[in-house]
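S.K.: Pasted the sequence and its predicted model underneath.
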Amino acid sequence: MIKIGIAGTRGLSTLMGLKNIEDVEIAAMCDLDEQHLKDSAERIGGNVKTYRVFDDMLESDIDAVIISTPMQCHVPQAIAAMEAGKHVMCEVTAGVTMDELFWLCETVEKYNKIYMYAENYIYDPRVQQVRKMVEAGLFGETYYAEGMYLHNIGNLFTYPNGKTSWRSYWQCGIRGNFYPTHSIGPVMQWFPGERITEVSTFSPGVYNTLGLKQDSGTTSMCRTATGKLLNIRVDCMSPRPHNMDYYHLQGTKGCFNSKAHGDDINRVSFIDEENDSPLHNMKWQKLEDYDMYLPDRYKNATEEQKQAGHNGGDFFIVDDFITALRTNTQPELNVYKACEWTAVGLLSSLSVTNGGRTMQVPDFRKNMPLDEKKITL
């Protein structure tokens, strides 16, 4: 039996996933808000133990921790958990400073614990379907992609009790692409073996009336080691309906556009090589016409698994974490990918405040030399 502790009531996004896996128990939960903690424990059910203090939960006999607290708590809590002998799955973003990212890598290496990044948008069925289509060569060589996270969070700057939320500081109290990984993670699935090496960020400026520093839309241009280009846009301040997961992919043989709003469809288009079709004769097709490329585990998902959230993604991300624990193998979404994708957002703040200056993204990897753990303008 694998015993899981959850830090933060937001961690209940993993609840359905955890409950649908055999020999897994949600044994403990921690939150500073006593009423939220009580309500969440009732929702979990069973014999879950509750804690107000995170370190107290770490002293229990849990095997792993799912960290779903505010983002400025992620690295301190992940380090504390691994020092206590626990494995970690951590919500986005991985950290809030570049030094934290270096500390996080060092801690995973020192204690040899499983660390998984909980970037659940990667597990959306259509993202994984396009990945399989890329692997099959349908798009040819992929060289450009876009990811957008457009989410007005103006209602989250204060808590229900009227106190100022942490989002007013660590998210919208700073400039730059503060929340990039819901965009970067999925599109990087379509560039196998690549890593991001450079980022340049631009914005139209601040147009909100709340007195917050966050720009009204931020665009980061990311270049990979082989010159591929990613366009990442985040806008959490502009008045608009939500569109939290728009993606575009371009390759030498075709392209993919995700639906732009609720009543739209996901589209693909390919060169008709058999008939030597001119490029201007390409036509859009429904992505669902290529459902044969949907990974089997999505095709065979139970109704309970599909209801876990994010079209079933919240089940499969938990399933991969539990598999990593059982096999003692670092997952695909390891600490180095977590730090690379988070670094894009942190470095974008320096870039946008320096007129879009190109920032070099460190090569996060095992036993990274000390002289590479620095940021220069």
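M.R.: The structure has been received and is ready for your questions.

S.K.: alpha carbons only for contacts and neighbour counts from here, please
M.R.: OK.

S.K.: quick one, what contacts the most centrally placed residue in the chain?
M.R.: For the chain, the residue lying nearest the average C-alpha position, counting by Cα atoms, centre = their mean, turns out to be residue 119 (2.8 Å). Under the criterion of Cα atoms under 8 Å, 6 or more residues apart in numbering, the contact list for residue 119 reads 91-92, 181-182, 185, 333.

S.K.: try residue 334
M.R.: Applying Cα under 8 Å, 6+ apart to residue 334 gives the contacts 115-117.

S.K.: ranges for the helices of the stretch 1-150 of the chain?
M.R.: Here the stretch 1-150 of the chain has its helices, by DSSP state H, counting those that start in this stretch, at 15-19, 34-44, 54-58, 74-83, 98-111, 125-135.

S.K.: Of these, give the one that comes closest to residue 216.
M.R.: Closest of the helices of the stretch 1-150 of the chain to residue 216 is helix 98-111, at 23.9 Å (criterion: Cα to Cα).

S.K.: Which elements pack onto the closest one?
M.R.: helix 74-83, helix 335-352 (3 or more Cα pairs under 8 Å, 6 or more residues apart in numbering; DSSP states H and E).

S.K.: most tightly surrounded among those?
M.R.: When neighbours are counted by mean count of other Cα atoms under 10 Å, the highest per-stretch mean among these falls to helix 335-352, a mean of 25.

S.K.: quick check, distance from that helix to the centre of its chain.
M.R.: A distance of 12 Å separates the centroid of the chain from that of helix 335-352, by Cα atoms, centre = their mean, to the nearest Å.

S.K.: what does that helix contact?
M.R.: 93-98, 101, 104-105, 108, 115-117, 174-181, 184-185, 195-196, 199-203, 220, 357-359, 361-365.

S.K.: Whichever of those end up buried, select them in PyMOL.
M.R.: Selection of buried members from the contacts of helix 335-352 for PyMOL, criterion 16 or more other Cα atoms under 10 Å:
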select buried, resi 93+94+95+96+98+101+104+105+108+115+116+117+174+175+176+177+178+179+180+181+184+185+195+196+199+200+201+202+203+220+357+358+359+361+362+363+364
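
S.K.: Pull stretch 161-179 out as PDB, backbone CA atoms only.
M.R.: Output in PDB follows, covering the C-alpha atoms of stretch 161-179 (Å, rounded to 0.1, in the frame of the first residue of the first chain):
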ATOM      1  CA  ASN A 161     -12.400  36.800   4.000                       C
ATOM      2  CA  GLY A 162     -11.200  39.900   2.200                       C
ATOM      3  CA  LYS A 163      -7.500  39.300   2.800                       C
ATOM      4  CA  THR A 164      -5.000  39.800   0.000                       C
ATOM      5  CA  SER A 165      -4.300  36.600  -1.900                       C
ATOM      6  CA  TRP A 166      -0.700  35.400  -2.700                       C
ATOM      7  CA  ARG A 167      -1.700  35.800  -6.400                       C
ATOM      8  CA  SER A 168      -1.400  39.500  -6.000                       C
ATOM      9  CA  TYR A 169       2.300  39.100  -5.400                       C
ATOM     10  CA  TRP A 170       3.800  36.000  -6.900                       C
ATOM     11  CA  GLN A 171       1.700  35.900 -10.000                       C
ATOM     12  CA  CYS A 172       0.300  39.400 -10.900                       C
ATOM     13  CA  GLY A 173       2.600  41.400  -8.600                       C
ATOM     14  CA  ILE A 174       5.500  40.800 -11.100                       C
ATOM     15  CA  ARG A 175       6.100  41.300 -14.700                       C
ATOM     16  CA  GLY A 176       6.800  38.500 -17.300                       C
ATOM     17  CA  ASN A 177       5.300  35.200 -18.300                       C
ATOM     18  CA  PHE A 178       4.800  34.100 -14.700                       C
ATOM     19  CA  TYR A 179       2.800  30.900 -15.500                       C
END
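
S.K.: Going forward, count from 37.
M.R.: That works, and once the first residue is 37, the last one we named lands at stretch 197-215.

S.K.: Could you give the backbone dihedrals for residue 233?
M.R.: In terms of degrees, to the nearest 10, the main-chain angles of residue 233 are phi -110, psi -20.

S.K.: what's the distance between the closest residue to it other than its chain neighbours and residue 73?
M.R.: Sequence neighbours aside, residue 397 is the residue nearest to residue 233 in space, at 4.8 Å (criterion: Cα to Cα, 6 or more residues apart in numbering). Distance check for residue 397 against residue 73: by Cα to Cα, to the nearest Å, it reads 39 Å.

S.K.: can you put the helices and strands packed on helix 134-147 in CSV and add distance to residue 354 and mean pLDDT?
M.R.: Below are the helices and strands packed on helix 134-147 laid out as CSV (distance: least, Cα to Cα, whole Å; pLDDT from 0 to 100):
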stretch, distance to residue 354, mean pLDDT
helix 110-119, 17, 98
helix 371-388, 16, 97
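
S.K.: out of those helices, nearest to residue 319?
M.R.: Within the helices and strands packed on helix 134-147, the stretch nearest residue 319 is helix 371-388; the backing value is 33.6 Å (Cα to Cα).

S.K.: the inter-axis angle of the closest one versus helix 134-147?
M.R.: Angle, helix 371-388 to helix 134-147, by axes from the mean of the first three to the mean of the last three Cα atoms, to 10 degrees: 170 degrees.
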